[in-house]
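Enquirer: After the sequence you'll find the predicted model.
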Amino acid sequence: MTLHDNTALLNPISTLRGIGPKSAEKFHKLGIFTINDLLFHLPYRYEDRTSIKSIRQLLPGTSAVVEGEILDSQLKVGRRRSLLVRISDGSGFLTLRFFHFSKGQQDSFTKDKFIQCYGEIRRGPNSLEITHPEYSFTSDEKKQLTQDYLTPVYHSTEGMHQTSIRKILDQALDALSLSSNEMMDLLPNSITNPLHLPGLKDAILQLHRPTAQTNTQQLLGFKHPSQQRLILEELLAHHLSLKELRNKTLVYGAPAFDQKSELTEKFIKQLPFELTGAQQRVIAEITQNQSTSIPMLRLVQGDVGSGKTVVAMAAALQAISSGWQVALMAPTETLAEQHFQNFTSWAEQLNINVGWLTGKLKRSLRKTTLEDLAQGRLQLLVGTHALFQDEVKYKKLGLIIIDEQHRFGVHQRLALKEKGYEGNIAHQLIMTATPIPRTLAMTAYADLDLSIIDELPKGRQHIDTVVLPDSRREQIIQRVSEACKNGRQVYWVCPLIEESELLDAQAAENTAENLQHILPELTIGLVHGRMKSEQKSGVIAEFKKANINLLVATTVIEVGVDVPNASLMIIENAERLGLSQLHQLRGRVGRGSIKSNCVLMYNGKLSKIGHERLSIMRETNDGFAIAEKDLELRGPGELLGTKQTGLLQLRVADITRDQYLFPIVEKAATKMFKECPENITPLIQRWLKQGLQYGNV
Ligand code: ADP
Ligand code: MG
């Protein structure tokens with residue numbers, strides 16, 4: 001087989017020798033359908049068998065080729081019968097452990113024989129060990145275990161061996177090496193040459209079959225030019241796909257609101273506080289953006305408590321001043337309700353009408369709300385994703401505000417654009433309290449303009465955080481009691497532990513009961529996900545009025561709840577939560593001018609990483625620093641909440657490891673648009689399987 005052109009790459013893998021329906025299915029499980037997919041199924045690591053390591057140098061957890069003399073071999077009968085072969089190379093001892101072995105094998109391990117073996121080094125009871133090593137006797141010249149080059153290791157699936165992946169790949173690689181150099185290249189030389197990156201064909205060949213000349217250290221560290229070439233391509237493909245999306249929305253017009261908005265001015269004047277410099281700057285950015293007919297797609301990032309709601313209201317009022325309607329969507333009923341209350345109280349003095357819509361609204365109320373909306377009697381509609389169901393018709397929708405965007409997928413934010421007016425689409429403002437490291441924003445949100453509220457309102461208190469084992473529970477409860485005696489209010493958070501909301505609700509109920517038992521003098525409230533939203537809001541309202549001392553809650557209070565007098569938060573099982581989530585939760589305190597504290601309780605013994613993670617929470621209150629760390633420790637999927645949706649699943653790139661390439665990505669994208677726009681779609685298709693699917697929304 002030869003690859004004549006790009007279409008040959010799209011042939012199914014079943015055209016290769018040795019792939020029947022059964023093995024094809026296994027490859028499909030890995031997302032490999034075509035020859036092209038196979039070539040891009042790159043090794044995720046390499047085994048280094050290029051040299052023999054001395055036993056003294058060995059590190060547990062790594063793999064190595066070792067050579068030594070057999071000292072003895074003994075059969076151990078215990079819980080599990082095993083054969084232990086002890087070898088030495090003069091620098092130390094190593095044990096080879098076999099659980100399965102034949103009689104012939106057992107007899108072959110005779111004293112004084114030289115043996116070479118390869119495998120993962122582990123700590124054993126008496127010395128370092130390798131379980132079931134690959135091995136050969138050194139006298140057997142043909143079976144040297146060392147190799148001249150690094151051995152690629154591929155992600156595989158059950159019942160698929162590395163050797164069979166390599167064998168199938170060999171056919172594709174042979175064909176590739178016969179094909180012309182240019183056929184796969186989609187990046188112009190003006191991008192690759194200055195960076196000294198190889199062509200795609202050479203890069204792929206080298207990564208699958210590193211030669212003896214390949215720089216081993218570079219390859220192991222993912223810094224080899226061939227790797228950089230592919231990483232750059234992948235990051236570029238993601239970046240371009242979002243840019244394309246953005247360009248598609250730019251085809252439409254949006255309403256240009258009047259720059260000067262009396263309502264906004266009046267609103268800001270009547271606030272009981274001064275806006276921070278950052279709030280003023282971001283409001284100005286939005287106002288400017290909304291005064292043009294270019295659709296706004298703006299992401300406002302601001303740490304918890306930075307005052308994003310006020311910014312949202314200012315933006316909304318500009319639209320309303322110019323006679324347009326605004327939809328504000330929140331991820332949960334509780335948060336939507338909080339916003340509704342806030343916005344209604346602000347709106348009263350401004351003489352505008354705010355409506356409310358969620359999935360749970362009573363039929364009759366829903367009907368009037370929808371009528372009022374269609375007639376234009378409502379200027380602002382607050383709610384959950386129910387705001388964008390088909391039967392919801394706006395008279396003149398000019399602005400969509402989405403709060404706490406990280407809980408929505410990219411696809412959702414695009415689906416919203418349908419609801420425009422007379423060929424216009426609405427401006428979009430997206431707010432998030434999960435600070436997104438800049439690097440990640442460039443890949444995941446390249447279609448959005450960024451505004452950052454990087455300043456907290458004056459007088460905010462640093463939240464002192466301590467990390468304690470739950471064996472100190474009694475003392476912690478004592479502390480809660482004292483805080484309440486001093487007129488402070490306290491949150492006690494029982495995070496989601498079970499998959500089931502029911503069990504979690506029960507856990508929170510039990511905790512509330514226990515605490516009430518120990519602290520009978522306190523008024524204790526309870527909120528959890530199983531309660532009706534009126535019930536929840538009722539309890540939160542009582543807490544706000546300080547009729548409740550201690551609020552026991554699941555993570556439903558993560559966003560939006562704003563009770564400035566609450567100044568102590570206890571979080572149970574903190575080790576199970578993501579850092580950004582802990583930061584969100586902790587942001588419920590420290591909202592007033594009272595010194596605030598947070599206790600992170602953990603269960604049992606903390607792992608080293610667990611310890612490291614919780615220490616970050618103790619060391620900093622800076623959401624950005626926390627998010628960076630979270631990204632490093634848990635990857636982008638968790639941070640963006642896209643893990644389930646499968647978006648931003650990178651194949652070769654690693655956002656943290658490859659950060660240094662990001663500035664290049666942006667420049668390369670500009671070059672692509674200028675020099676070879678026709679290559680953009682094929683590049684996106686190559687790397688993002690679903691890419692164009694959501695691009696077509
Ligand atoms: P978040 O950014 O987390 O959504 P909010 O908008 O809920 O923050 O604001 C948190 C609290 O800070 C609210 O009580 C709000 O009224 C108050 N706030 C907002 N801006 C300022 C400011 N400039 N000065 C003082 N308090 C402010
Ligand atoms: Mg908010």
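Expert: Received it, and whenever you're ready, just let me know what you need. Ligands and ions are numbered 1, 2, ... in the order given.
Enquirer: and residue 105, what is it in contact with?
Expert: Taking Cβ atoms under 8 Å, 6 or more residues apart in numbering, we find residue 105 in contact with 83, 98. For every residue, glycine as well, the C-beta is placed using N, CA and C.
Enquirer: My reading is that it lies in a helix. Confirm?
Expert: Yes: remark: residue 105 belongs to a helix, assigned using DSSP: H, G, I helix; E, B strand; the rest coil.
Enquirer: what about residue 360, distance to ligand 1?
Expert: As judged by Cβ to the nearest ligand atom, to the nearest Å, residue 360 and ligand 1 stand 23 Å apart.
Enquirer: The residue nearest to that residue when sequence neighbours are not counted: how many residues sit nearby?
Expert: Closest residue in space to residue 360, ignoring its immediate chain neighbours: residue 533 at 6.6 Å, by Cβ to Cβ, 6 or more residues apart in numbering. For residue 533, the number of neighbouring residues by other Cβ atoms under 10 Å comes to 16.
Enquirer: How much space separates residue 533 from ligand 1?
Expert: On the measure of Cβ to the nearest ligand atom, residue 533 and ligand 1 end up 19 Å apart.
Enquirer: Give me the pLDDT for that residue.
Expert: The predicted local distance difference test score for residue 533 is 74.
Enquirer: now swap in the one 5 residues further on and tell me
Expert: If you check residue 538, the pLDDT there is 89.
Enquirer: Check residue 142 too.
Expert: Per-residue confidence for residue 142 comes out at a pLDDT of 59.
Enquirer: ditto for residue 311
Expert: On the pLDDT scale, residue 311 is placed at 96.
Enquirer: my read: the residue nearest to residue 360 touches residue 334, true?
Expert: Yes: when contacts are counted by Cβ atoms under 8 Å, residue 533 is listed as touching residue 334 (6.2 Å).
Enquirer: Up against ligand 1, what does the stretch 451-600 of the chain have?
Expert: For the stretch 451-600 of the chain, the residues in contact with ligand 1 (Cβ under 6 Å from any ligand atom) are 457, 562, 591.
Enquirer: 8 Å - rerun?
Expert: Taking Cβ under 8 Å from any ligand atom as the contact definition, the stretch 451-600 of the chain meets ligand 1 at 453, 457, 458, 459, 559, 560, 562, 564, 587, 591.
Enquirer: one step back: ok, the residue nearest to residue 360 - contacts?
Expert: With contacts defined as Cβ under 8 Å, 6+ apart, residue 533 is in contact with 333, 334, 337, 358, 360.
Enquirer: Swap in 10 Å and give it another go.
Expert: Contact partners of residue 533, counting by Cβ atoms under 10 Å, 6 or more residues apart in numbering, are 332, 333, 334, 336, 337, 358, 360, 384, 556.
Enquirer: same question, residue 339
Expert: In this structure, residue 339 makes contact with 309, 312-313, 328-330, 354, 356, 380, 382-383, 401, 403, 560, judged by Cβ under 10 Å, 6+ apart.
Enquirer: Spell out which helix or strand contains it, please.
Expert: Element membership of residue 339, judged by DSSP states H and E, is helix 333-350.
Enquirer: what's the answer for residue 551, then?
Expert: Secondary-structure assignment from DSSP H and E places residue 551 in strand 550-553.
Enquirer: Show the subsequent helix or strand relative to that strand.
Expert: From strand 550-553 onward toward the C-terminus, using DSSP H and E, the following helix or strand is strand 566-571.
Enquirer: And that following strand, how far out from the chain middle?
Expert: Taking the mean C-alpha point of strand 566-571 and that of its whole chain, the gap between them comes to 27 Å (Cα atoms, centre = their mean, to the nearest Å).
Enquirer: Partner strands of it and their direction?
Expert: In the sheet, strand 566-571 lines up against strand 489-493 (parallel), strand 596-602 (parallel) (DSSP bridges).
Enquirer: would you turn the ones you listed into CSV with mean neighbour count?
Expert: Output for these, formatted as CSV (neighbours: other Cβ atoms under 10 Å):
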stretch, mean neighbour count
strand 489-493, 25
strand 596-602, 23
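Enquirer: Which of those strands sits closest to residue 225?
Expert: With Cβ to Cβ as the criterion, residue 225 lies closest to strand 596-602 of those, at 44.1 Å.
Enquirer: What subset of the contacts of residue 533 is buried?
Expert: Burial by neighbour count, 16 or more other Cβ atoms under 10 Å: within the contacts of residue 533 this picks out 332, 333, 334, 336, 337, 358, 384, 556.
Enquirer: Could you identify the pair within those that is furthest apart?
Expert: Spanning the widest gap among these are 358 and 556, at 14.8 Å by Cβ to Cβ.
Enquirer: ok, the residue in the stretch 501-650 of the chain that ligand 1 sits nearest to - how many residues close by?
Expert: At 4.8 Å from ligand 1, residue 562 is the closest residue in the stretch 501-650 of the chain, using Cβ to the nearest ligand atom. Using other Cβ under 10 Å as the criterion, residue 562 is surrounded by 15 other residues.
Enquirer: Cross-check the contact I'm expecting between residue 354 and residue 380.
Expert: Yes: counting by Cβ atoms under 10 Å, residue 380 is a contact partner of residue 354 at 4.6 Å.
Enquirer: Pick out whichever of these two has more residues nearby.
Expert: With other Cβ under 10 Å as the criterion, residue 354 and residue 380 differ in neighbour count, and residue 380 comes out ahead with 26 against 23.
Enquirer: Could you measure from that one over to ligand 1?
Expert: When distance is defined by Cβ to the nearest ligand atom, residue 380 is 16 Å away from ligand 1.
Enquirer: Residue 58: how many residues sit nearby?
Expert: Using other Cβ under 10 Å, the number of residues around residue 58 comes to 18.
Enquirer: Report the secondary structure state of the spatially closest residue to it that is not a sequence neighbour.
Expert: In space, not counting the residues next to it along the chain, residue 58 is nearest to residue 121; the distance is 4.9 Å by Cβ to Cβ, 6+ apart. Using three-state DSSP, the structure places residue 121 in strand.
Enquirer: show me what contacts residue 121?
Expert: If a contact means Cβ under 10 Å, 6+ apart, then residue 121 has 53, 55, 58-64, 66, 94, 128-131, 133 as its contacts.
Enquirer: Tell me the one of these nearest ligand 1?
Expert: For the contacts of residue 121, with ligand 1 as the reference and Cβ to the nearest ligand atom as the criterion, the closest is residue 61, at 42.1 Å.
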